[in-house]
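*Asks:* next input, structure requested:
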Amino acid sequence: MRNVFMVAEKPSLALSLAQILSQKSCKSRKGSNGACSVHEWEGKFLGQDVLFKMTSVCGHVMSLDFPEKYKSWGKVDPVELFSCPTEKKEANPKLRIPAHLSREAKGATYVVLWLDCDKEGENICFEVLDRIKPVLKRPAMKEQVIFRAKFSAITEIDILKAMDNLTEPNENESKSVDARKELDLRIGCAFTRFQTKFFRDKYRSSDSTLISYGPCQTPTLGLCVTRHDAIQNFIPEPFWVLQPILEVNGSRRLTLEWERIRSFDREVALVFQNLIRDEKRARVLSCSKKEKVKQRPQALNTVELMRVASSGLGMSPHHAMQIAERLYTQGYISYPRTETTSYPENFDLIGTLKRQQSSNHWGAEVTALLSAGICRPRKGQDVGDHPPITPMKPVSIDALDSDSWKIYDYIVRHFIGSLSYDCKLMSTNIVFAIGSERFSCSGKTVVDPGYTAVMTWQLPKDEESVPILAVGTTCEIKELKLLERQTCAPDYLTESEVITLMEHHGIGTDASIPVHINNLEQRNYATVGSGRRMIPTPLGIALVHGYQKIDPDLVLPTMRSAVEEQLTLIAKGKAEFEDVLKHNLELFRLKFLHFVKNISSMDQVSKDSFTSLSDMGKNFSRCEKCQRSMKLVGGKVTRLNCPQCKNLIERRYKTNRGTGRGRGHSSSRGSGLGRGQGSSRGGGRGRSQGSSRGGVRGRGQGASTAGGGTKGQRASTARGGAKGQSRGKSKPKDKVASSTAYGI
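*Replies:* Numbering: from 1, shown residues only. Predicted coordinates:
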C-alpha cells in the first residue's frame with residue numbers, strides 16, 4: 001500500500017484537517033520530536049488504496065543566518081555582510097522539525113502540502129520539500145508526486161474541495177520570500193551593528209541595547225517622526241469668525257455658520273461685523289432637503305481588521321492578528337491574512353449568513369435581512385490570494401476569552417453589514433442673508449439605519465434638526481458674535497493611521513505590518529499613548545533626523561516601496577531572484593558606505609538628546625546583562641546601578657589595574673586579613689589580599705587584576721602604610737560582593 005505524506009503549518013491545524021479528511025476515523029500518536037503529532041488513516045488517493053499520514057511543522061522550518069565567523073561584531077566589518085556567505089539553520093533546534101519530517105516521510109510515495117495559502121506558506125512548502133525529498137520513493141516516469149492544497153477556511157466543505165482540486169506549490173512566490181529574507185538580513189544587520197556600536201561607544205542615555213535598522217521598520221518610524229516634527233514646528237495662528245444667533249418661531253434658537261468661514265485678519269473681520277451690526281433680522285434665501293446615503297462597508301480584509309482593532313477595540317495590530325489566527329485555526333473564521341475585498345461570484349453568501357441566524361446577539365438582524373433579501377457586497381479589489389475575512393461557524397460568547405470575542409463579534413457584524421442596505425439620511429440646509437453677508441445652518445436625521453442596525457457604532461447621530469422655513473421668511477437676530485480662535489496643531493498618528501500610510505506606500509505586507517509596528521515599541525523607538533497614538537521617543541527622533549541629514553532615502557517610504565514592487569515581480573515570475581537581490585544589495589551597500597562616511601552628522605542631532613560618555617567625566621562600566629552604561633551611586637557602600645535592568649553591584653575596596661595574572665598584597669588600616677572578591681578592567685586574573693578593619697578573621701575569594709604582565713607577586717601599599725601581608729580579624733558584618741567594573 002502506498003503512503004501519502006501530508007504536512008500542515010501547526011499541530012492544531014493538522015488535527016483539524018485529519019479529522020475532516022478521515023471523517024474522524026484517524027488514529028493519532030506523538031511524533032519523534034514530541035511536539036508534532038502524527039495522524040494516520042486509510043483511504044483513496046488518485047484511485048488507489050493508500051495510507052494517509054498527516055503531521056505538521058511549527059511555522060518556518062529553517063531560518064537564514066550568517067556563519068559563525070561573521071557573527072562577531074568586533075572582528076567583522078559590517079560592510080562585509082552585504083557579500084559574505086549565508087546559511088540556512090533550523091528555525092527552532094529544540095523542536096527538531098527537520099529530523100521529525102525525514103523520519104515520518106521515509107518511504108512515502110506522494111506528498112500533499114497543507115501549509116497556509118500565502119507567500120510565507122509557499123516558502124515553508126519548499127523548506128519541507130528540501131528536508132523530505134531524499135527519503136521519498138522515486139516517482140515512476142514523470143508521475144506527479146508533490147501536491148499543494150489551496151484552502152481559505154477550516155470547514156468540511158473547503159477542505160474536501162481543496163483535496164479534490166490539488167495543485168503544485170508556487171516556487172516563484174517562495175523565491176520572493178527568500179529574497180526578502182536575505183535583503184532584510186544583510187541590510188538590517190549591517191546598519192544595526194554599525195549604529196549600535198556608534199551609540200554605545202558615544203552615548204550613555206540612548207535607552208536601548210540594540211539600535212536596529214529595518215528596511216520596513218525605519219520608514220514606518222519616519223512616518224511617526226514626520227508627524228512629530230509637524231507638531232513641534234507648528235505655530236498657532238489666530239483667526240476670527242462671525243457667528244449670528246437667530247430666534248425662530250418665538251423660542252427656538254439657531255446658530256449660523258459664516259459662508260466665508262473665517263478671517264485671519266482681525267481688522268477685516270471687524271469690517272464685516274460693522275457692515276451687518278445694525279441689521280435686526282435675517283432673511284431666508286433658500287431651504288433645501290436632500291437624501292444622503294452612507295454606504296455599507298466593503299468585504300473585510302486584513303488591513304481593515306487591524307485598523308478597526310486599534311481604533312475601535314483598543315488592541316494592538318499584532319495582538320489582534322494573533323487572535324485572528326487562533327480563531328482561524330479553531331475554524332470560526334476564514335484565513336485572516338488577505339488583501340482581497342471582493343467575494344468570488346460562486347461564494348455561498350446566503351449559506352454563510354444563515355449559520356449566524358441562531359445567535360442571541362445578531363440573529364434578529366440576520367433573520368430580517370434574509371427575509372428582505374441580501375444586497376450583493378460592494379465591488380472591491382480581488383488580488384487573487386484569499387476571499388475576504390468571513391465568519392465560518394457560530395460560537396457562543398462563553399467559549400471565547402474577552403479579546404477573542406471582540407474580534408469575532410466585529411468580523412460577524414462587518415460581514416452582515418456588507419450584505420445589508422445602505423444607511424439613508426435626510427439632510428436639511430437653510431441659507432440666510434444678513435445685509436450683504438450669507439450664513440447657513442444644517443441638520444440631518446436618520447431615515448433608514450440600513451447596515452448601521454448591526455454595525456451600531458457607525459450609526460450617524462441625529463444633528464439638531466432644523467425647521468422648514470419658506471423662502472423670504474425673516475428671523476430676529478438675537479446676537480452677533482465675533483469669535484477669536486486659533487488653528488490647532490495636528491495630533492500624533494494613531495496606529496490605525498500608520499497602518500493606512502504603510503498600505504498606501506507599500507511598506508510591508510498584510511502579514512508583516514503588525515510586526516513592524518510592534519517592533520517600534522519593543523525597541524523603544526516609539527510609545528503608544530492615549531487613543532493608541534504613536535509617539536516617537538528621543539532615540540527614535542534622533543535616529544530619523546540623523547538619517548535625514550545623511551541620506552533621506554534610508555527613511556523615506558518610497559525606498560521600501562520600490563523593493564516590494566521588485567519582490568512582487570519575482571512572485572509573478574516577471575523578474576529573476578538573482579537580479580533583484582544583486583541590484584538591491586549593491587544599492588544599499590553604497591548607501592551604507594555613505595552612511596559610515598558621514599556618521600558625524602548623527603552627532604549633530606544626537607548630542608541634544610543624549611549625554612556622551614566623554615562629557616560625564618568618568619568611564620563607567622558596561623552592565624554585564626544588558627551592556628548599557630551603569631550609574632555610580634555613592635554612600636557607605638559604593639554601588640554601580642544599571643537603570644535599564646536594575647542590576648546592582650556593590651564594592652567596598654579598590655582594585656588594582658593591570659594586564660597580567662598574579663597575586664597582589666596590600667595593607668590597609670586594621671589588623672585583620674580579608675580577601676576581596678571582584679574583577680576590574682585590565683585583562684588578567686589574580687588574587688588581591690589586604691587588611692580590613694575588624695576583629696574576626698574572614699576570608700573571601702575572587703578575581704582581580706594585578707599590575708604586571710606575567711605571573712608573580714606584586715606588592716602594593718594602601719593607606720595602612722606597611723608593605724606586605726598581615727593577617728588578623730575582620731568584622732562579621734563586612735560584605736564582600738562581586739563586581740565587573742573599573743575606576744572604583
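*Asks:* now E437: phi and psi?
*Replies:* The phi and psi values for E437, taken as degrees, to the nearest 10, are phi -100, psi 150.
*Asks:* how close does the nearest residue to it once chain neighbours are set aside get to L270?
*Replies:* Residue nearest to E437 in three dimensions, not counting chain neighbours: I276, with 5.5 Å by C-beta to C-beta, 6 or more residues apart in numbering. C-beta: built from backbone N, CA, C; applies to glycine. Per C-beta to C-beta, to the nearest Å, I276 is found 12 Å from L270.
*Asks:* ok, now H386?
*Replies:* When H386 is compared with L270 (using C-beta to C-beta), they lie 62 Å apart.
*Asks:* the residue nearest to E437: neighbour count?
*Replies:* Counted with other C-beta atoms under 10 Å, the neighbours of I276 add up to 18.
*Asks:* just checking, it touches A433?
*Replies:* No: counting by C-beta atoms under 8 Å, A433 is not a contact partner of I276; they are 9.6 Å apart.
*Asks:* what touches both of those two?
*Replies:* With C-beta atoms under 8 Å, 6 or more residues apart in numbering applied, the contact sets of I276 and A433 do not overlap.
*Asks:* which stretches in the stretch 151-300 of the chain count as strands?
*Replies:* For the stretch 151-300 of the chain, the strands defined by DSSP state E, counting those that start in this stretch occupy 238-248, 252-255, 257-258, 281-294.
*Asks:* and those: which comes nearest V177?
*Replies:* When the strands of the stretch 151-300 of the chain are compared by C-beta to C-beta, strand 281-294 sits nearest V177, at 40.1 Å.
*Asks:* so how far is the next helix-or-strand element following the closest one off the chain centroid?
*Replies:* Using DSSP states H and E, the helix or strand that follows strand 281-294 in sequence is helix 302-311. Using C-alpha atoms, centre = their mean, to the nearest Å, the distance from the centre of helix 302-311 to the centre of the chain it belongs to is 13 Å.
*Asks:* tell me the SS of I535?
*Replies:* Here I535 is recorded as strand under DSSP: H, G, I helix; E, B strand; the rest coil.
*Asks:* count of neighbours near it?
*Replies:* 17.
*Asks:* what bridges to it?
*Replies:* In this entry, I535 is beta-bridged to T527, by DSSP bridges.
*Asks:* correct me if wrong: it contacts Y525.
*Replies:* No: between I535 and Y525 there is no contact under C-beta under 8 Å: 10.4 Å.
*Asks:* what touches both of these two?
*Replies:* With C-beta under 8 Å, 6+ apart, I535 and Y525 have no common neighbours.
*Asks:* what's the longest helix in the protein?
*Replies:* helix 171-202 (DSSP state H).
*Asks:* report the contact partners of S63.
*Replies:* Neighbour list for S63: 88-91 [criterion: C-beta under 8 Å, 6+ apart].
*Asks:* and the pLDDT for it?
*Replies:* At S63, the predicted lDDT confidence score is 96.
*Asks:* need phi/psi at it.
*Replies:* Given degrees, to the nearest 10, the pair of backbone angles that S63 has is phi -130, psi 150.
*Asks:* what's the distance between it and H319?
*Replies:* 24 Å.
*Asks:* tell me how far the nearest residue to T192 once chain neighbours are set aside lies from F82.
*Replies:* Nearest residue to T192 in three dimensions, chain neighbours excluded: S212, at 4.5 Å (C-beta to C-beta, 6+ apart). As judged by C-beta to C-beta, S212 and F82 stand 17 Å apart.
*Asks:* mean pLDDT per helix and strand in this structure: which one sits at the bottom?
*Replies:* Within the chain, no helix or strand scores below strand 740-741, which has a mean of 30 by mean pLDDT, DSSP states H and E.
*Asks:* so, low pLDDT: which residues of the stretch 451-600 of the chain?
*Replies:* By pLDDT under 70, the low-scoring segments of the stretch 451-600 of the chain are 462-463.
*Asks:* same check, this time on the chain
*Replies:* For the chain, counting by pLDDT under 70, the residues that fall below are 203-209, 462-463, 606-641, 643-744.
*Asks:* quick one: the strands in the stretch 501-650 of the chain, in order.
*Replies:* Under DSSP E, counting those that start in this stretch, the stretch 501-650 of the chain gives strands at 526-528, 534-536, 631-633, 638-641, 648-651.
*Asks:* can you map out the helices along the stretch 101-250 of the chain?
*Replies:* 119-132, 156-164, 171-202, 217-232 (DSSP state H, counting those that start in this stretch).
*Asks:* the longest one vs helix 119-132, what angle?
*Replies:* Here helix 171-202 runs at an angle of 100 degrees relative to helix 119-132 (axes from the mean of the first three to the mean of the last three C-alpha atoms, to 10 degrees).
*Asks:* buried sites along helix 171-202?
*Replies:* 172-196, 198-200, 202 (16 or more other C-beta atoms under 10 Å).
*Asks:* please report the distance of the residue lying closest to R103 once chain neighbours are set aside from V111.
*Replies:* Leaving aside its chain neighbours, R103 sits nearest to S32 (5.1 Å; criterion: C-beta to C-beta, 6+ apart). Separation of S32 from V111 (C-beta to C-beta): 18 Å.
*Asks:* with E104 instead?
*Replies:* Going from E104 to V111 by C-beta to C-beta gives 11 Å.
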